[in-house]
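Undergrad: can't give you the sequence, but here's the structure:
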């Protein structure tokens, strides 16, 4: 079993490199989430990242990199998988309510156990649905490696509240996807994210209703 103190240092160093800081209880909750994900991953193959250090950098720190761009009090994380970036963002901001959406049953079972064990019940919920079938309006929507910009907005654009912010997490600069942004939405910014310890490029596309 990996040394929790070493993982704590790795997480805190990564967060500091992002220019952020975390309350001690948020650090411990994030590490509890990572430990639960690693245990479930051994049996259910929820993520290709299998080692604890990789989960801290490529999942936790990567998710927290977009925290400064999250707006409002309600968030929907589409194609959340095992809860990324939704659960780290929920742990960071206790006042925010979050809906985690995925069509994969085993991932949603994990999410419900994570919500229970992390004490997030009442403000974080998980639903097993296709994005186009979800109802509601949210101040902020996140999507990490979920689909092309055209597809994600076609399937889930109805969920973004007026004045809301859509945060699409991408690897390389998505030049070929920009022309596919449907009418009614506009690209506000494309930010290059420097995620310490993570391989490859990271970009965040910030969209709003036009």
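TA: Perfect, thanks for sending it. What you see is a predicted model; the values in this text were computed from it and never measured. Numbering: from 1, shown residues only.

Undergrad: Which strands or helices does the host helix or strand of residue 107 pack on?
TA: Taking DSSP states H and E as the definition, one finds residue 107 inside helix 105-117. Applying 3 or more Cβ pairs under 8 Å, 6 or more residues apart in numbering; DSSP states H and E, we find helix 105-117 packed against helix 24-44, strand 97-102, strand 124-128. For glycine as for every other residue, the C-beta is placed from the backbone atoms N, C-alpha and C.

Undergrad: same thing but at 7 Å, please
TA: helix 24-44, strand 124-128 (3 or more Cβ pairs under 7 Å, 6 or more residues apart in numbering; DSSP states H and E).

Undergrad: just checking, residue 130 touches residue 103?
TA: Yes: Residue 130 lies in contact with residue 103 (Cβ atoms under 7 Å); the separation is 5.4 Å.

Undergrad: shaky segments in the chain?
TA: 1-2 (pLDDT under 70).

Undergrad: Spatially nearest residue to the residue nearest the centre of it, not counting backbone neighbours?
TA: The centroid of the chain falls nearest to residue 85 when counting by Cα atoms, centre = their mean (1.2 Å). Nearest residue to residue 85 in three dimensions, chain neighbours excluded: residue 63, at 3.3 Å (Cβ to Cβ, 6 or more residues apart in numbering).

Undergrad: Next up, the contacts around the residue nearest to the centre of the chain.
TA: Counting by Cβ atoms under 7 Å, 6 or more residues apart in numbering, residue 85 makes contact with 63, 66, 77, 142, 144.

Undergrad: In those residues, which residue is surrounded by the most others?
TA: residue 77 (31 neighbours; other Cβ atoms under 10 Å).

Undergrad: Tell me the helix or strand right after the helix or strand hosting the residue nearest to residue 85.
TA: Here residue 63 sits within helix 62-64, counting by DSSP H and E. Moving toward the C-terminus from helix 62-64, the next helix or strand (DSSP H and E) is strand 74-78.

Undergrad: Need the residues that contact the helix holding residue 63.
TA: Outside helix 62-64, the residues touching it (Cβ under 7 Å, 6+ apart) are 15, 18, 20, 84, 85, 88, 89, 92, 195, 198, 202.
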